[in-house]
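*Asks:* coordinates only, sequence not included:
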């Protein structure tokens, strides 16, 4: 079945610990109905509006934010962000609140192609949320895949997928 083939392709991934991590948190007083991202060297703040609430995510190198005085460190990192971000950062929970910390890793599937199934974009290799590479890699992968498949007949699709992987893997 299709699902089993995809699982078998993606089962093995190489991990690269980026040294970054992040927290997610609720935001009560940010502007609803919008998704905003603030990027800067060594930090990222994302605010995502849901149907009933807005949540935030802070990402930065672990050495900068996973320590005591968490709220103060986060406020210092984002002191120059726009007004909506300042409101969200003012609501960032202090150290007495428990937040889930997640390590951020880049991952790359060890095998991108199996038979007539292939991975592309973030399914093949994912990047930090602070990297603009995700969208670029997805578009490039799709273009290369389309190019290879445009020259393949039904009998040579697996070979075309192999060429796609060889072109994109680096």
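*Replies:* That came in fine, so what should we check first? Computed from a prediction, not measured in an experiment: that's the story for all the values here.
*Asks:* What pairs with the longest strand along the chain, parallel or antiparallel?
*Replies:* Longest strand of the chain, by residue count under DSSP state E: strand 13-27. Partners of strand 13-27 in the sheet, by DSSP bridges, are strand 54-61 (antiparallel), strand 101-109 (antiparallel).
*Asks:* Identify each buried residue in the last one, please.
*Replies:* Residues of strand 101-109 classed as buried under the neighbour-count rule (16 or more other Cβ atoms under 10 Å) are 104-106, 109. Bear in mind the C-beta positions are built from the backbone N, C-alpha and C, glycine included.
*Asks:* On the pLDDT front, check the closest residue to residue 169 other than its chain neighbours for me.
*Replies:* Distances taken as Cβ to Cβ, 6 or more residues apart in numbering put residue 112 closest to residue 169, at 6.9 Å, once the chain neighbours are dropped. Per-residue confidence (pLDDT) for residue 112: 87.
*Asks:* Same check on residue 41?
*Replies:* 80.
*Asks:* what do you get for residue 9?
*Replies:* Per-residue pLDDT puts residue 9 at 46.
*Asks:* Buried residues, stretch 108-120. List them.
*Replies:* Those would be 109, 112-113, 117-120, for stretch 108-120 by 16+ other Cβ under 10 Å.
*Asks:* For residue 157, grab the count of nearby residues.
*Replies:* 15 (other Cβ atoms under 10 Å).
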